[in-house]
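> Take this sequence and fold it.
(chains A and B)
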2 protein chains.
Amino acid sequence: MLLGSIGNNAAIFEGKVIAKHIKSEVADEISRMKSGIGKCPRLAVVLVGDIRDSHTFIRFKLKACDQVGIETTVAQFPDKCTENELLHVVASFNDDLDAHGIIHLDEAEIINIVSLKKDVDGFHPLNMGNLAIRGRQPFFIPCAPKACIALLLRNGVEIKGKRAVILGRSKIAGLPTALLLQRHHATVSALHAYTKNPEQITSETDIVVADLGIPNMVRSNWLKQGAVVIDMGANHVKDPISQSFRVIGDVCFEEAVKVASAITPVPGGVSFILLKTHLD
Amino acid sequence: MLLGSIGNNAAIFEGKVIAKHIKSEVADEISRMKSGIGKCPRLAVVLVGDIRDSHTFIRFKLKACDQVGIETTVAQFPDKCTENELLHVVASFNDDLDAHGIIHLDEAEIINIVSLKKDVDGFHPLNMGNLAIRGRQPFFIPCAPKACIALLLRNGVEIKGKRAVILGRSKIAGLPTALLLQRHHATVSALHAYTKNPEQITSETDIVVADLGIPNMVRSNWLKQGAVVIDMGANHVKDPISQSFRVIGDVCFEEAVKVASAITPVPGGVSFILLKTHLD
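Coordinates of the predicted model:
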């Protein structure tokens, strides 16, 4: 990949292009699995509340499963269900030999009892510990960091030996992305709300990953000429004229595109990461 | 704490002073425990080979236990013992209600079966994951990072909002120190063998922690004026004249003491960390 020069526009890393390749690879693998052993993977989903209202994230997952041939089982509960009901259904999925992965949106309560070998979200602390420790392998790696690495490597960006910054340290994106970039031998700095003058650090950095939850926070003066920018932000903001909502990133795209050598658009980059994250 | 100015010598953070305070606090607590419930903690040690030969680290631990009133049980095995023998004794310590902590030097084999609640070394990946994830608490935190934080806080160094660098990413020192400094809200950069021009990053940093295993690697030009330097190195080098071995740090003390505002000596700082670590 060529580094951009002043005034040139950055390469745009389209997430959907990468996603299409990955889905095609997964579909092929599942197809071979079906014809080989007569089985295919099944994802169990624990859902609280009405899927139509709020669970865009889950809807995307179910659609992607359907596209590649992964079967799904959804256990849907009303908003007012008890914790016991949720724990009971997770326990039954743990024991179900035909359920190979379990996802849910209620981390705090459920995460401790989901079988490690079915924690496809990779949020269990044991999976996170195994991600942190070199020489160990987590059963699963969270999807946001995997997407970040895929966007870099499949677009020909070398990670080893590069300086990388993660803005934000959420446990679903910032933290595991920092750990995964370290596994790929980047020199990683983790920035957060207590960081003074973050732009001083980002402006020296080859790869900038934003997981802030603050619209347009990263401006052109935050970026080194030729940096690669991965924007994990997905902030819903109201257009003052049309009054409709749209999704924008943590990076001011119009400015960054003139400085960076490559950048992900929002939406359309890492935009399948729709859970809100915060700079904390 | 005052920042050093050019030509001034740094404050020396003596580990033994801090250690004396901590031991006194622990001894008081154990004394109260004994008089209150009639019991005191017991550390179980799994040792392979002759303790006189190589296990300085273990000898120090046993001596410290004795000083504060922690009882110890040592299970000693010959060099050629089988893995099964080791696993069997660990299992028996796991079940022993009078053994409250277990330490060993054979991480790779034993770590997976030590009871989490007795993993006083804090090396189990679940403890590491809980150290990494904010809002979660590990049962135990490894001793090297705890020593680093104690040296900083008990000497009045504020960590929150400071830039910190960890040189080296071993799982016993560098990695957990990076995670613990982040919990204290430092902005942490983790440097390693693939980092290009590490001195560029360290020379911008308020707190520099060295866990390299390379004698005198960090020179004065690596350091920002007024930086606080924690040297975890304990490198055995042969004196060319006397032919005897002595222990020196990862930081060139004679140079660093003129630039830093505070520095730990080697030995006498974090010098109880005697396990070899490597820049990897």
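> all contacts plus neighbour counts: C-alpha atoms, from now on.
OK.
> Distance of residue A:71 relative to chain B?
31 Å (Cα to the nearest Cα, to the nearest Å).
> which other helices and strands contact the helix or strand hosting residue A:128?
Assessed by DSSP states H and E, residue A:128 sits inside helix A:125-132. Helix A:125-132 sits against helix A:174-183, helix B:125-132, with contacts defined as 3 or more Cα pairs under 8 Å, 6 or more residues apart in numbering or on different chains; DSSP states H and E.
> List the buried residues in stretch A:189-209.
Residues A:189-195, A:198-199, A:201-209 are the ones in stretch A:189-209 that count as buried (16 or more other Cα atoms under 10 Å in any protein chain shown).
> Distance check, the residue in the stretch 51-200 of chain A that chain B sits nearest to against residue B:23.
Going by Cα to the nearest Cα, chain B is nearest to residue A:129 of the stretch 51-200 of chain A, at 3.6 Å. Remark: distance between residue A:129 and residue B:23 (Cα to Cα, to the nearest Å) = 30 Å.
> Name the residue in these two with the higher neighbour count.
Applying other Cα atoms under 10 Å in any protein chain shown to residue A:129 and residue B:23 shows that residue A:129 carries more neighbours, namely 27 against 16.
> Can I get stretch A:92-101 as CSV, trimmed to CA atoms?
C-alpha atoms of stretch A:92-101 as CSV (Å, rounded to 0.1, in the frame of the first residue of the first chain):
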residue,chain,number,x,y,z
SER,A,92,-29.7,-25.7,28.7
PHE,A,93,-27.8,-24.3,25.7
ASN,A,94,-24.5,-25.2,27.5
ASP,A,95,-25.7,-28.9,27.7
ASP,A,96,-27.2,-28.9,24.2
LEU,A,97,-24.8,-30.8,21.9
ASP,A,98,-26.5,-29.1,18.9
ALA,A,99,-25.8,-25.6,20.1
HIS,A,100,-22.2,-24.7,19.3
GLY,A,101,-22.2,-21.0,20.2
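> what does it rub up against?
Residues outside stretch A:92-101 that contact it (Cα atoms under 8 Å, 6 or more residues apart in numbering or on different chains): A:41, A:42, A:43, A:44, A:102, A:114, A:115, A:117, A:118, A:119, A:120.
> Now, of those residues, which are buried?
With neighbours counted by 16+ other Cα under 10 Å, these contain buried members at A:41, A:42, A:43, A:44, A:102, A:114, A:115, A:118, A:119, A:120.
> Just want the angle from the helix holding residue A:128 to helix A:174-183.
Here the directions of helix A:125-132 and helix A:174-183 differ by 30 degrees (axes from the mean of the first three to the mean of the last three Cα atoms, to 10 degrees).
> Chain neighbours aside, what residue packs nearest to the residue of the stretch 51-200 of chain A closest to chain B?
Once flanking residues are discounted, residue A:129 sits nearest to residue B:129: 3.6 Å by Cα to Cα, 6 or more residues apart in numbering or on different chains.
> near chain B, which residues of chain A?
Within reach of chain B by Cα under 8 Å from any Cα of the partner chain, chain A has these residues: A:125-130, A:132-134, A:160-163, A:171, A:175, A:185-192, A:194-196.
> now with 6 Å?
A:125-126, A:128-130, A:161, A:187-191, A:194-195 (Cα under 6 Å from any Cα of the partner chain).
> returning to that earlier point: quickly note the distance from the residue of the stretch 51-200 of chain A closest to chain B to residue A:180.
12 Å.
> before we move on, the earlier item: mind checking which of the contacts of stretch A:92-101 are in strands?
Mapping the contacts of stretch A:92-101 onto strands (DSSP state E) picks out A:42, A:43, A:44, A:102.
> Which of the residues you listed sits closest to residue B:215?
residue A:102 (48.7 Å; Cα to Cα).
> Make JSON lines from the residues of chain A next to chain B and add pLDDT to it.
Output for those, formatted as JSON lines (pLDDT from 0 to 100):
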{"residue": "A:125", "pLDDT": "92"}
{"residue": "A:126", "pLDDT": "93"}
{"residue": "A:128", "pLDDT": "95"}
{"residue": "A:129", "pLDDT": "96"}
{"residue": "A:130", "pLDDT": "96"}
{"residue": "A:161", "pLDDT": "98"}
{"residue": "A:187", "pLDDT": "98"}
{"residue": "A:188", "pLDDT": "98"}
{"residue": "A:189", "pLDDT": "98"}
{"residue": "A:190", "pLDDT": "98"}
{"residue": "A:191", "pLDDT": "98"}
{"residue": "A:194", "pLDDT": "97"}
{"residue": "A:195", "pLDDT": "97"}
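> ok, the residues you listed vs residue A:261, which is closest?
Checking the residues of chain A next to chain B one by one against residue A:261 (Cα to Cα), the nearest turns out to be residue A:161, at 17.6 Å.
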